[in-house]
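# Need coordinates for the following:
(chains A and B)
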2 protein chains.
Amino acid sequence: MKKNIILASTSTVFGQPYLSYLKEELEILFADAKEIIFIPYARPGGISHDDYTAKAAAFFKEIRVAVKGLHNFDDPISALQNCQGIFTGGGNTFLLVKQLHELNILPTLRSVVDNGVPYLGTSAGSNLGGMTMQTTNDMPIVYPPSFETAGWVPFNLNPHYLDPIPGTTHMGETRETRIAEFHTQNSIPVVGLREGSWVRVTDHKIKLGGPLTARIFEQGKQPYELSPGASIEFA
Amino acid sequence: MKKNIILASTSTVFGQPYLSYLKEELEILFADAKEIIFIPYARPGGISHDDYTAKAAAFFKEIRVAVKGLHNFDDPISALQNCQGIFTGGGNTFLLVKQLHELNILPTLRSVVDNGVPYLGTSAGSNLGGMTMQTTNDMPIVYPPSFETAGWVPFNLNPHYLDPIPGTTHMGETRETRIAEFHTQNSIPVVGLREGSWVRVTDHKIKLGGPLTARIFEQGKQPYELSPGASIEFA
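Got it, this is the predicted structure:
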């Protein structure tokens, strides 16, 4: 076990180009990779697999890493087994997880990353790293055969975590209320990752990356804040 | 076919007691009912079935309608077949739909409401009236055996509809983007119901209730606004 993973809340922080806030981290994560595989299945806004892959490739060119879309391989299992790195982009988590289950890719993806292939996920691609996709913010636009995800970390993520808006008159549930409802049915801890934060996994160590605190939700406890750089551990 | 249905965006508008903004409409909807059945399975915030039923009963006492929780009947199918009205409260749509499928209640519920038993839904309870639950805002905290719902109206609902927030720096998808993603995978029209709006079904007529416009999403078209009181129809 020598995991090497970044699970980021978002691909893009406000006012900055795609992935640019993570550039230094990604130069480290993919230091030994000349080419990585992009998993485009979450298709944000319905973008095509080709266009989404081109968007990722345009960024990675800046750090001299080539990008190929997983949808372009005749044998995606073999492609994953022989790759130097993997990036799963954001979009709709239901769409992403349905495809991975239907193509029977998840066991291989889980295994190669468990064995050290560097992995970057953003948003839906980060949900993939948790135990289940059950704390996604996305709409259930398709019906996946299972909500199970890769489980590289022993918790779930809530990307794009939003604090309650003071003085709002909107009566829809806050993010915190939604996660509390999750904990009426499930015991998996949840890390609420604000935009600009990421989870960094190296070997067995899991730390909070970025300049912000994260909000931690454990079943039966009051939610609390975790400091930047702190280990993410549950008893 | 003599449907008599209200599907409301929310149970509660800001600053007012539970259901009070709908009081006059509910006196009409349940004019012939002395007692109605409450379906508490969506359990907002994890409230118990008994507590949630008591909350509904406290409001309905004001309009002289008694309330019994569906969870209290030994034979829920027979209870629905013999009732004078039905109210499904809001909460988590996944939890609600999972229970209805697992208890095999949906076919009976669909049929009695199709045949004229008055029905009120709020929020998750309104999603139940659409074709599928796939435009819910809720988290997938449990895995239902299907996303199919009752289909009393030939479209889906998005309750608590929210317009994009001008000047936001948050990079999560807007509600409009989420619904556009739904339409990359599905052709069912979606009615974005703002808080304070409801869908009123009488016989074959479907109208927009409340003082606000609704936002209408059809696959392949620009979203548009529908006026209060207008018919909700799709070609």
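# just how off-centre is the least confident helix or strand in chain A by mean pLDDT within its chain?
None of the helices or strands of chain A scores lower by mean pLDDT, DSSP states H and E than helix A:175-182, at a mean of 94. With CA atoms, centre = their mean, to the nearest Å as the basis, helix A:175-182 stands 19 Å off its chain's centre.
# neighbouring contacts of it?
A:134-135, A:137, A:156, A:158, A:161-164, A:173, A:190, A:192, A:215, A:217, A:223, B:43-46, B:91-92, B:95, B:138-139, B:141 (CB atoms under 8 Å, 6 or more residues apart in numbering or on different chains). For glycine as for every other residue, the C-beta is placed from the backbone atoms N, C-alpha and C.
# Among those residues, name the ones in strands.
A:Asn156, A:Asn158, A:Val190, A:Gly192, A:Arg215, A:Phe217 (DSSP state E).
# from those residues, which is closest to chain B?
Comparing these against chain B with CB to the nearest CB places A:Asn158 closest, at 8.6 Å.
# Need the buried ones from the contacts of helix A:175-182 selected in PyMOL.
The buried residues among the contacts of helix A:175-182 can be selected in PyMOL (16 or more other CB atoms under 10 Å in any protein chain shown) with this line:
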select buried, (chain A and resi 134+135+137+156+158+161+162+173+190+192+215+217) or (chain B and resi 43+44+46+91+92+95+138+139+141)
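# ends of stretch A:150-169, how far apart?
38 Å (CA to CA, to the nearest Å).
# low-scoring stretches of chain A, by residue?
A:1 (pLDDT under 70).
# Please point out which parts of the longest helix that it contains sit buried.
Across chain A, the longest stretch assigned as helix under DSSP state H is helix A:49-61. By neighbour count with 16+ other CB under 10 Å, helix A:49-61 contains the buried residues A:His49, A:Tyr52, A:Thr53, A:Lys55, A:Ala56, A:Ala57, A:Phe59, A:Phe60.
# Contacts only, for the third one.
Under the criterion of CB under 8 Å, 6+ apart, the neighbours of A:Thr53 are A:Phe38, A:Pro40, A:Val67, A:Lys68, A:Gly69, A:His71, A:Asn72.
# one more time with 10 Å, if that's ok
A:37-40, A:47, A:67-72, A:87, A:89 (CB atoms under 10 Å, 6 or more residues apart in numbering or on different chains).
# what's the distance between the residue nearest to it when sequence neighbours are not counted and chain B?
Leaving aside its sequence neighbours, A:Thr53 sits nearest to A:Gly69 (CB to CB, 6 or more residues apart in numbering or on different chains; 3.6 Å). As judged by CB to the nearest CB, to the nearest Å, A:Gly69 and chain B stand 18 Å apart.
# Can you report how many residues neighbour A:Gly69?
As a burial measure, A:Gly69 scores 21 neighbours (other CB atoms under 10 Å in any protein chain shown).
# What backbone torsions are found at it?
phi -80, psi 140 (degrees, to the nearest 10).
# Touching, it and A:Arg43? I think so.
No: counting by CB atoms under 10 Å, A:Gly69 does not reach A:Arg43; the two are 11.6 Å apart.
# which neighbours do those two share?
By CB under 10 Å, 6+ apart, A:Gly69 and A:Arg43 have these common neighbours: A:His49, A:Asp51, A:Tyr52.
# how close does the residue most central in space within chain A get to chain B?
Per CA atoms, centre = their mean, the C-alpha nearest to the average position across chain A is that of A:Ser126, at 0.7 Å. A:Ser126 sits 13 Å away from chain B, taking CB to the nearest CB as the criterion.
# can you check A:Phe234 too?
19 Å.
# And A:Val112, by the same measure?
Taken as CB to the nearest CB, the span from A:Val112 to chain B is 26 Å.
# Also A:Gly125?
Taking CB to the nearest CB, one finds A:Gly125 at 14 Å from chain B.
# check contacts around that residue.
By CB under 10 Å, 6+ apart, the residues touching A:Gly125 are A:6-8, A:11, A:38-42, A:86-91, A:93, A:96, A:119, A:159.
# That one belongs to a helix?
Yes: assigned with DSSP: H, G, I helix; E, B strand; the rest coil, A:Gly125 falls within a helix.
# Please name the residues that touch the residue nearest to it when sequence neighbours are not counted.
Excluding its sequence neighbours, the residue lying closest to A:Gly125 (CB to CB, 6+ apart) is A:Thr88, at 3.1 Å. Counting by CB under 10 Å, 6+ apart, A:Thr88 touches A:7, A:37-42, A:56, A:70, A:96, A:100, A:109, A:119-129, A:150.
# out of the residues you listed, which are inside helices?
Those of these lying in helices (DSSP H): A:Ala56, A:Leu96, A:Leu100, A:Leu109, A:Ala124, A:Gly125, A:Ser126, A:Asn127.
# Out of the residues you listed, which comes closest to B:Ser197?
The nearest member of those to B:Ser197, counting by CB to CB, is A:Ala124 at 30.4 Å.
# separation between the closest one and chain B?
10 Å.
# if I pick that residue, what's in contact with it?
Applying CB under 10 Å, 6+ apart, we find A:Ala124 in contact with A:11, A:39, A:41-44, A:88-97, A:133, A:136-138, A:159.
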